[in-house]
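Novice: With the sequence up front, the predicted model follows.
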Amino acid sequence: MTDSSNSQLNQLIVTALEDLKGKNIVQLDVSQLSDVMDTLIIASGTSSRHARSLADNVVEELKKSGHRPLGVEGLESGDWVLVDYGDTVVHVMQEDTRNFYELEKLWSMKPSNRE
């Protein structure tokens, strides 16, 4: 995916999260830390139902633009829902789960110099 189409995809995701009042939406550029993805988008839901609704809205809104996820996990519990769009991975979490796992902190770490 090109940078401009990736940024358009990311904006569609953020808009879909904002439309249903996703909380504390964060975009992280992880391209220097991961060979698997370029962007993490993290948002909080106020309940398991809200988290599921946020993730569902992302999938539905992006389908309208021709984007289908490679996978969706965690919809059953709604505690932590992951939506995989390849270069961009979306994490919708309840606040307690987000605070426990601290993905922003984990993914902001500098890579070690392995040789």
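Specialist: That came through, no problem.
Novice: Pull out the buried residues from stretch 97-104.
Specialist: Under the neighbour-count criterion of 16 or more other Cβ atoms under 10 Å, stretch 97-104 has 97, 98, 103 buried. Yep, even glycine has a C-beta here, placed from its N, CA and C like the rest.
Novice: Equivalent analysis for stretch 29-43, please.
Specialist: Buried positions in stretch 29-43, judged by neighbour count with 16+ other Cβ under 10 Å: 30, 33, 37, 38, 39, 40, 41, 42, 43.
Novice: ok, back up a step: closest one of the buried residues of stretch 97-104 to residue 87?
Specialist: residue 103 (17.1 Å; Cβ to Cβ).
Novice: Identify the residues contacting residue 95.
Specialist: Contacts for residue 95 (Cβ atoms under 8 Å, 6 or more residues apart in numbering) come out as 23, 44, 46.
Novice: ok, 6 Å please
Specialist: residue 44 (Cβ atoms under 6 Å, 6 or more residues apart in numbering).
Novice: List the buried residues for stretch 52-60?
Specialist: Buried residues in stretch 52-60 (16+ other Cβ under 10 Å): 52, 53, 54, 55, 56, 57, 58, 59.
Novice: what does stretch 5-12 give?
Specialist: Across stretch 5-12, burial judged by 16+ other Cβ under 10 Å covers 6, 9, 10, 12.
Novice: List of residues touching it?
Specialist: Residues outside stretch 5-12 that contact it (Cβ under 6 Å, 6+ apart): 39, 62, 65, 87, 88.
Novice: For stretch 40-49, what is the distance to the chain centroid?
Specialist: Stretch 40-49 sits 9 Å away from the centroid of its parent chain (Cα atoms, centre = their mean, to the nearest Å).
Novice: First-to-last residue distance for it?
Specialist: The first residue of stretch 40-49 is 22 Å away from its last residue (Cα to Cα, to the nearest Å).
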